[in-house]
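>>> I'd like to go over a predicted model; first the sequence, then the structure.
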Amino acid sequence: MRSGTLVAFFLILASLLTGVGCALRPETEDFDVTLVNLASEGSGGGVGEAALRFTIRLQNATPEPVTLTGSAHKIYLNNVYVGQALNDARIEVPRLGTVTQEITVHLSTFKLARAFYGIYREQQASYRISSTLYGTRSTLRTRKIGSIDLHGLQLPPPGSPGAPSLQP
């Protein structure tokens, strides 16, 4: 009797923990956020601060349009946390369609300068973007891993006049 009760207890506990995990981190495969471009915005407003403008593609694979009222995106380049972009724009992603949106990340140039030198020199990077999308009906969470060509940074090539002089 005791082993049967113990097994039942663990089965109930496991299903509760699985349910709690799903409630805390609901992710969807029907909505996707992909990083498609990156450009330098120059100064971010403060000393030692810069801004990067990311273009993301929002892809809705559902048969209904999705209206977003805001979003938060944590962005990593080559496994280095770049920062979080917040956006309060209202945007509708059509059913079975895509929309692009620009988001800005403000980062500390002092903290990330060395990490970005290698990315700048190679002109490509792997990325990870974790997004929380606030909709009129629900909140969606997505994660995407990919790579991006950074020639859109519009900076002088390494070694040319005006190029960053940081050494790895």
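In hand now; what should we look at?

>>> just the helices in this protein please.
With helices called from DSSP state H, the chain shows them at 2-24, 109-122.

>>> need the least confident one among these, by mean pLDDT.
Mean pLDDT per stretch puts helix 2-24 lowest among the helices of the chain, at a mean of 46.

>>> Local confidence estimate at the residue nearest to L107 when sequence neighbours are not counted?
Ranked by C-beta to C-beta, 6 or more residues apart in numbering and with sequence neighbours excluded, the top spatial neighbour of L107 is G83, at 4.8 Å. C-beta here means a position set from N, CA and C on the backbone, and glycine is covered the same way. pLDDT, G83: 89.

>>> neighbours of I56, just the number please.
If you count neighbours by other C-beta atoms under 10 Å, I56 ends up with 24.

>>> Quickly list what it is bridged to.
Counting by DSSP bridges, I56 is bridged to L35, Q101.

>>> my guess is it meets L68, correct?
No: I56 lies out of contact with L68 (C-beta atoms under 8 Å); the separation is 11.6 Å.
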